[in-house]
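Trainee: Sequence first, then the predicted structure, then my questions.
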Amino acid sequence: MASKGRHVTENFDPKRAEPCFCGSGERFKHCCGSTAKDRPPPAGLVVRPGWLTERQCDELARFAETREWKWCTTVDSVSGVERRDETRVTQTADMGEMQGRLNEYVQSALRDVAEPEMGCTVGWFLKPHILRYAEGGYYLGHADSEYFDEADDRWYRHLDRDVSLLMYINDGFTGGELYFKLFNYTYRPRRGDLVLFPSDHRYMHQAQPVTSGIRYAIVSWAAKQGEPRLQEPLGGDMEIPLRP
């Protein structure tokens with residue numbers, strides 16, 4: 001994948017006694033960084049319970065059970081050898097005849113929820129897929145569009161992602177919570193739920209280990225209309241316009 005470069009981003013390091021970044025006037029520790037039980041999601045994190053219907057979820061989950069799953073891999077930067085990615089113990093599969101349905105669900109979520117709730121205009125989104133987390137599966141903490149350079153002690157944006165999207169299509173598992181470290185916030189996935197949040201490092205997150213059962217999640221990322229690109233277009237059907 002060709003790259004045009006990277007952009008440095010301002011480090012987000014909220015102090016608990018300082019005013020919250022959301023502009024509420026409350027201290028961070030009493031607002032988006034609260035540790036209170038049953039607190040609302042932090043600003044910027046959008047959760048829509050039951051966005052997918054039970055019928056839609058059951059259809060997708062049944063289809064997922066018929067697929068041939070393979071482990072997510074990464075390519076070693078030195079040797080060029082492809083190997084299992086130890087930062088994310090999860091599997092993916094070709095969605096075949098169901099791909100068009102996934103595209104439609106993501107288009108609808110971005111148009112009807114992400115744009116009005118997040119105040120943006122989406123230009124295109126990445127081809128959605130389903131991740132399968134079996135018992136012991138997890139995804140370590142990460143930001144979807146940025147990486148941390150320890151030598152510089154800075155975050156850098158290197159991927160053309162502005163909005164992260166998740167849809168959950170099944171229950172019947174334990175563990176697998178979605179954890180946002182900087183906000184002290186844990187979300188428990190439920191069948192049908194839609195979750196949206198900015199892709200930058202403020203919302204770095206991890207999928208906690210699944211302790212029993214199987215957890216399925218639809219994933220995609222979207223880019224705002226007119227934003228300068230850091231990558232060459234991916235080609236093929238990988239980038240899908242939100243509107244014709």
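Mentor: Yep, it's here.
Trainee: what is the mean pLDDT for the longest strand along the chain?
Mentor: For the chain, the strand with the greatest residue count under DSSP state E is strand 215-224. Mean per-residue pLDDT for strand 215-224: 98.
Trainee: Who are the packing partners of the helix or strand following it?
Mentor: Next helix or strand after strand 215-224 toward the C-terminus (DSSP states H and E): strand 239-241. Contacts defined by 3 or more CB pairs under 8 Å, 6 or more residues apart in numbering; DSSP states H and E place strand 239-241 against strand 122-126. Backbone N, C-alpha and C define where each C-beta goes, glycine included.
Trainee: try 10 Å
Mentor: Contacts defined by 3 or more CB pairs under 10 Å, 6 or more residues apart in numbering; DSSP states H and E place strand 239-241 against helix 99-109, strand 122-126, strand 215-224.
Trainee: CA atoms only for the helix or strand where residue 164 lies - export them in PDB, please.
Mentor: With secondary structure defined by DSSP H and E, residue 164 is part of strand 163-168. Presented in PDB, the C-alpha positions along strand 163-168 are these (Å, rounded to 0.1, in the frame of the first residue of the first chain):
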ATOM      1  CA  VAL A 163     -14.800   7.800  11.700                       C
ATOM      2  CA  SER A 164     -14.600   4.300  13.200                       C
ATOM      3  CA  LEU A 165     -17.700   2.100  13.000                       C
ATOM      4  CA  LEU A 166     -18.600  -1.100  14.800                       C
ATOM      5  CA  MET A 167     -21.900  -3.200  14.600                       C
ATOM      6  CA  TYR A 168     -22.400  -6.200  16.900                       C
END
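Trainee: tell me the angle of that strand relative to helix 99-109?
Mentor: Interaxial angle of strand 163-168 relative to helix 99-109 (axes from the mean of the first three to the mean of the last three CA atoms, to 10 degrees): 120 degrees.
Trainee: Paired strands for strand 163-168, with orientation please.
Mentor: Strands that pair with strand 163-168, judged by DSSP bridges, come out as strand 194-198 (antiparallel), strand 215-224 (antiparallel).
Trainee: contact partners of the next helix or strand after it?
Mentor: Sequence-wise, the next helix or strand downstream of strand 163-168 (DSSP H and E) is strand 174-175. Strand 174-175 is contacted by residues 133, 135-138, 188, 207-213, 215 when judged by CB atoms under 10 Å, 6 or more residues apart in numbering.
Trainee: avg pLDDT for stretch 40-57?
Mentor: Stretch 40-57 comes out at a mean pLDDT of 98.
Trainee: Please identify the buried residues of it?
Mentor: By neighbour count on 16 or more other CB atoms under 10 Å, the buried set for stretch 40-57 is 42, 44-48, 51-52, 56-57.
Trainee: Please apply the same query to stretch 178-190.
Mentor: 178, 180, 182-185, 187, 189.
Trainee: Now do the helices in the chain.
Mentor: 54-64, 99-109, 115-118 (DSSP state H).
Trainee: Any regions of this structure where pLDDT drops low?
Mentor: Residues of the chain that meet the criterion pLDDT under 70 lie in 1-4, 77.
Trainee: Nearest residue to residue 133 in space, please, no chain neighbours.
Mentor: Spatially, and ignoring its direct neighbours in sequence, residue 133 is nearest to residue 215 (4.1 Å; CB to CB, 6 or more residues apart in numbering).
Trainee: In contact with the residue nearest to the spatial centre of the chain, which residues?
Mentor: By CA atoms, centre = their mean, the mean C-alpha position of the chain lies nearest to residue 164, the distance being 4.2 Å. Residue 164 is in contact with 45, 114, 143-145, 195-200, 203, 205, 219-222, counting by CB under 10 Å, 6+ apart.
Trainee: now swap in residue 172 and tell me
Mentor: Residues near residue 172 by CB under 10 Å, 6+ apart: 61, 191, 212-215.
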